[in-house]
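J.: let's see this in three dimensions:
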Amino acid sequence: MSAIQVTPLTPAEGSKVNFGAVVSNVDIENLTDADFEVIQENLYKNQVLVFPNQSHVTPKKQFELTQRFDPAGDSYGHGKTLDAKKSVLHPDLKTIPHQPQVQVIGSGFVPEYEGLKNVQLRHPHHRTFHASVIPDDEDLDYTRFYRWHIDAALYGLAPPIATTLLAVKVPKGRRQTCRYDDGTGDVLDVPLGTTAFVSGENMFDLLSTEDQEFVRTTRVEYAAHPYIWMSGAKSRSDGLGLLTEGRELSQDELPPIEQEKIQVLPMCWRNPVTGKLALQVHPSAVRRLHLADGTVIDDLAAVREKIHKLQRPAIAPEFVYAHDWKEGDFVLFHNRGLIHSVVGAFAPEEVRLFRQCNIAASRLPEGPAPVAAAA
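T.: As a prediction, the model looks like this:
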C-alpha cells in the first residue's frame, strides 16, 4: 500500500478552477510501484499534480517517471524540432547532455548546470510572437499568455501523455497582471513566471449542445512541420491561436514533407480513467478541419476563427490555474487533458531555471467512439 496523500487544490476566491492536487508523503527519486499506481490514477482524475520539495530529483528519475506513463515511448516529445533553426521552439529549450529527453528552460545566464556551461536561457516573451505588444515601460508590471498549446510535435510523433516540470531556481516576490487585450477587459493577477493551465474537459463542458456535437464529430488536420510552418506568423493578443496574414511558410520553404506523418486527430480526447472528453486542440498548429459529413474546411482564417470561438470561453480568468512556483516544485500534468501557456516577463537580473520532460507516445489519443469508428 502506498502512503501518498493527495489533496485537491483550494481555488482562490472567485476562481472556478476544478482541477489540480498537491501530492505529499512521496519521494519521486524512490517511487514504489504502489506509489506510481496512485500517481497515475490521480493524474487522470486531477490533471495537474504538484509535488513540493523535490529539488533532489535527478534528470534520470524525471525521465523515468515521465516515460512510465507510456513505457514504449522513448524520444523527446517534440522530436527533432529543436534542431530546426526556423522552428519557433528552437531558442527556448536546451538539452541536458546526459539525459537528452530532458530540457532546460528559463531566463537569464547560468554558468553551469547538469553538463551545460555558460547557458543564456531565454524565457519566451510575447513581443517575439504576438502581433501587438505591451509597451516596454509597462513590461515589468503587465504580461500576456505567450502561447496556449499542447506539448506535441503534431507531425509524425504521437502527443505525449504527460509532461513533468521541476523548478530549480525561481525569482521571488514580484507579481504581474496578465492582460488579454482582446476588447473584453479580461485580466488575471499572476505570480511572476507562472505556468497557466486550463482544463480541456471544462472547455468541452462549456460548449453549447450544438458545439459539443461539432467537436465530437470533427477532426483537426495539423500543418506539416507546424513549428517551422508558423515561424513567420503572429499570435492573437490572448495567446490563443494565430492571426491569418499570409505569413506562414510555403511548402517549398519547409523541409521535405512525408504525407504519412501529417496528423489528423480527433478534436476531443477521451480520459482513460474517467471517460470524460477534453477538447484538445493546439490552436496555433491547426491547418484544416474534417467534418463528419466529409466536408473539409480548408480556409485557414475560417479554421482559426472557429477554433478560437470554441476555446476562448475556457481561458476566461476564472477558469485559469496559474501555478505559483516554489523552488523544488515538481509538477506533473496530463498533456492530453489540458492546454497550457508560458506567462511572464523577467528583468535581466532575474534568473529562472526549470527542467522539462515529455515523451512522444507510442499511440495516438483515443477520441469519442463515433469518431474512432469513422476513422
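
J.: now the helices for this structure?
T.: With DSSP state H as the definition, the chain shows helices at residue ranges 33-46, 59-68, 200-205, 209-217, 226-229, 300-311, 369-374.

J.: ok, residue 280 to residue 262 distance?
T.: Residue 280 sits 18 Å away from residue 262 when distances are taken as CB to CB, to the nearest Å. All C-beta spots, glycine's among them, are computed from the backbone N, C-alpha and C.

J.: repeat that for residue 283.
T.: Using CB to CB, residue 283 is found at 18 Å from residue 262.

J.: between those two, who's got more neighbours?
T.: When neighbours are counted by other CB atoms under 10 Å, residue 283 comes out ahead of the other of residue 283 and residue 262, with 24 against 18.

J.: list the contacts of that one.
T.: Contacts for residue 283 were tallied using CB atoms under 8 Å, 6 or more residues apart in numbering; they are 148-149, 240-242, 304, 307-308, 311.

J.: quick one: low-confidence residue ranges for this structure.
T.: Within the chain, the ranges that satisfy pLDDT under 70 run 1, 77, 79-86, 90-92, 370-375.

J.: who's in contact with residue 307?
T.: Taking CB under 8 Å, 6+ apart as the criterion, residue 307 is in contact with 220, 241, 281, 283, 286.

J.: for those, pick the one with the most neighbours.
T.: When neighbours are counted as other CB under 10 Å, the busiest of those turns out to be residue 281, with 28 neighbours.

J.: alpha carbons only: can I get the longest strand along the chain in CSV?
T.: Ordering each strand of the chain by length in residues (DSSP state E) puts strand 99-113 first. Output for strand 99-113, consisting of C-alpha atoms alone and laid out as CSV, is shown next (Å, rounded to 0.1, in the frame of the first residue of the first chain):
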residue,chain,number,x,y,z
GLN,A,99,19.7,12.8,-20.4
PRO,A,100,18.6,14.2,-23.9
GLN,A,101,14.9,13.7,-23.2
VAL,A,102,15.1,16.3,-20.5
GLN,A,103,15.2,20.0,-21.5
VAL,A,104,16.4,23.1,-19.5
ILE,A,105,14.2,26.2,-19.8
GLY,A,106,14.1,29.5,-18.1
SER,A,107,15.5,33.0,-18.1
GLY,A,108,19.0,34.6,-17.6
PHE,A,109,22.6,33.4,-17.5
VAL,A,110,23.5,30.1,-15.9
PRO,A,111,27.3,29.4,-15.7
GLU,A,112,26.9,25.6,-15.3
TYR,A,113,24.1,23.1,-14.8
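
J.: that strand to helix 59-68, inter-axis angle?
T.: Relative orientation of strand 99-113 and helix 59-68, computed by axes from the mean of the first three to the mean of the last three CA atoms, to 10 degrees: 150 degrees.

J.: ok, strand 99-113: who's next to it in the sheet?
T.: Pairing partners of strand 99-113, with direction, according to DSSP bridges: strand 94-96 (antiparallel), strand 116-121 (antiparallel), strand 352-358 (antiparallel).

J.: just put the ones you listed in a markdown table and tack on mean neighbour count.
T.: A markdown table is the format used below for those (neighbours: other CB atoms under 10 Å):
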| stretch | mean neighbour count |
| --- | --- |
| strand 94-96 | 18 |
| strand 116-121 | 13 |
| strand 352-358 | 23 |
